[in-house]
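**Student:** Sequence first, then the predicted structure:
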Amino acid sequence: MRQGGLVGPFPPARGRLADEEVSRPAIEWEQRYRRTVIIGDTAATAFVVAGIGEFFGARDAANWHEKWGILAFGTELLVLSALAVGRSWSPAVLGQGAEEFRRLGRSLFAATVVLALGGIALTSRNIKLWIFVAIPAIGLVIMFARYLLRLSLHSRRKEGRCLRPVLAAGSPATVRDLITRTRKFPHIGWRVEAVCTPDGRGLDGDELDGVPVVGRLTDVAKHVRHDGYRVVAVTPDPYWTPDRLQRLAWNLEGSDAEMVVAPVLMEVAGPRLHVDAVLGIPLLRVSLPTFTGGRRAIKAVVDRVGAAVLLMLFAPLMAGVALLVLADSPGGAFYRQRRVGKDGREFTILKFRTMVVGAHRARAELADRDEGAGLLFKVRRDPRVTRVGAVLRRYSIDELPQLFNVLTGAMSLVGPRPPLPEECAAYDPDIRRRLLVKPGLTGLWQISGRSDLPWEEAVRLDLRYVEDWSLALDTVILWKTMRAVLHGQGAY
């Protein structure tokens, strides 16, 4: 029986069957989701265009068809064409990370440029309305609609539905890592259902972490064609020479499978990876991380303007919280602590006080109750935390004063977690790469579990942000932070 979907039935992804129809359900839900996105984008564009016509009194104009109708129809057609040409509807990016919104932004920017050039050529007096109001409004509505669709898709994936069946092929150790990651992050949409290894065996006999080993690496194409896997994930192994990878790609032609090759640089992704053809040889080019330049300047401006706006919006809330802190326990409303920022420079971080006065002196008495990961000291039910402080910590309200640190330039809205000086003293050279950028009010650690994260995972997320930073990634993190704060997971 099929299960309900976003517009119609979204059947669960299926595993290995002995007929050629096995891949069709996975393709069906992908196509259905893509159609849903296209319909949503079209409806959002038409809604905004019609709304502008009503709000600005377009229908009351005597020459409505000439003055508004042509521009309205042209703008809608231009936006939808830009989305199609910019591959914003590609199944490979729909529901997947920041790339979906990055392509959406590029497509809308291209539509804006074309519309502006067209307006200059036609000497239209009304073109500014469509450039500065219509297209930005269309972008906001489309992004919100896609976000709602993505939430629905991700909830189904957490239930084990709408997943692409994956055949993983590589060494047992690298395949096990892939299986662990796909299970930990089901929203990615992969489910490893079969494994091929060099000798046809796993670490547990005929299985690898509960996934059946169906054959050797030489049998990959045969199993894909017979059992209809949607993704072939090739993980590192000495067997995979360039000739064998090319031959596998040829053998998969005509099937519905997508071949994905994991590079050796597992933690480098996003805009830093580029594939170039040099002398007929495909090369994976890794660009240097961006620590200066135009994008960093934009980030600095956004940080300070955003902090100023947020401080004005939250001023009444912060005043009320300060009074509650003062009324709850003796001491000041704010807590000041030395932290380490960019390039190892120390600064004073501001937070609402959530503990009793002198809490740092009682830390030694709680050493045996430390539940923090690695260098972090955390106690889930810390007796030093006040009643008001517990609520402030759960919803991260205690961190609002850090907006002053962002405003002064010591911190950023998004970045790695600001460490303590004693933590930095114990850092090895690799971990010190966290200090190449400003610490953030929020970051990947904030939206991934905060204090519930193991130390190694928290470090990996911070280093990943340093390596793969982009404006699009910052936007996604800021958006997801609101949900993380409301849920309060890992905050104590």
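**Tutor:** Here it is on my side, so go on. Numbers count the residues shown, from 1 in each chain.
**Student:** Please count neighbours and contacts with C-alpha atoms only from this point.
**Tutor:** Fine.
**Student:** how about residue 219, what does it touch?
**Tutor:** When contacts are counted by CA atoms under 8 Å, 6 or more residues apart in numbering, residue 219 touches residue 196.
**Student:** That one in helix, strand or coil?
**Tutor:** Assigned by DSSP: H, G, I helix; E, B strand; the rest coil, the conformation of residue 219 is helix.
**Student:** Quick one: neighbours of residue 218, just the number.
**Tutor:** Around residue 218 there are 17 other residues, counting by other CA atoms under 10 Å.
**Student:** Pull up the gap between it and residue 239, please.
**Tutor:** Distance, residue 218 to residue 239, using CA to CA, to the nearest Å: 9 Å.
**Student:** next one: residue 253
**Tutor:** 21 Å.
**Student:** Which positions within the one helix or strand residue 44 maps to qualify as buried?
**Tutor:** Following DSSP states H and E, one finds residue 44 within helix 24-55. For helix 24-55, a neighbour-count test (16 or more other CA atoms under 10 Å) marks 25-30, 32-34, 36-38, 40-42, 44-46, 48-49, 52-53 as buried.
**Student:** Distance-wise, check residue 292 relative to residue 436.
**Tutor:** Residue 292 sits 11 Å away from residue 436, going by CA to CA.
**Student:** The lowest-mean-pLDDT helix or strand in the chain: what's the following helix or strand?
**Tutor:** For the chain, counting by mean pLDDT, DSSP states H and E, helix 64 ranks last in confidence among helices and strands (a mean of 51). Counting by DSSP H and E, the next helix or strand C-terminal to helix 64 is helix 70-85.
**Student:** how far out from the middle of the chain is the helix or strand that comes right after that following helix?
**Tutor:** Going down the chain from helix 70-85, the next helix or strand is helix 99-122, by DSSP H and E. Counting by CA atoms, centre = their mean, to the nearest Å, helix 99-122 is centred 24 Å from the centre of its parent chain.
**Student:** could you say what helices and strands the helix holding residue 44 packs with?
**Tutor:** Secondary-structure packing of helix 24-55 (3 or more CA pairs under 8 Å, 6 or more residues apart in numbering; DSSP states H and E): helix 70-85, helix 135-158.
**Student:** Report the rounded mean pLDDT for that helix.
**Tutor:** For helix 24-55, mean pLDDT is 83.
**Student:** tally of neighbours for residue 129?
**Tutor:** Counted with other CA under 10 Å, residue 129 comes out at 12.
**Student:** That one: what secondary structure?
**Tutor:** Residue 129 ends up helix, using three-state DSSP.
**Student:** in the stretch 301-450 of the chain, what spans have low per-residue confidence?
**Tutor:** When residues are selected by pLDDT under 70, those of the stretch 301-450 of the chain lie in 358-382, 449-450.
**Student:** Quick check, residue 344 in contact with residue 437.
**Tutor:** No: Residue 344 lies out of contact with residue 437 (CA atoms under 8 Å); the separation is 9.8 Å.
**Student:** and the two? which has more neighbours close in?
**Tutor:** Neighbours around residue 344 and residue 437, counted as other CA under 10 Å, are more numerous at residue 437. The numbers are 21 against 17.
**Student:** and that one, what is it in contact with?
**Tutor:** The contact partners of residue 437, taken as CA under 8 Å, 6+ apart, are 291, 341-343, 415-416, 466.
**Student:** Now go through those and say which are in helices.
**Tutor:** residue 466 (DSSP state H).
**Student:** which residues does the closest residue to residue 384 other than its chain neighbours form a beta bridge with?
**Tutor:** Sequence neighbours aside, residue 355 is the residue nearest to residue 384 in space, at 5.2 Å (criterion: CA to CA, 6 or more residues apart in numbering). Listed by DSSP bridges, the beta-bridge partners for residue 355 are residue 385.
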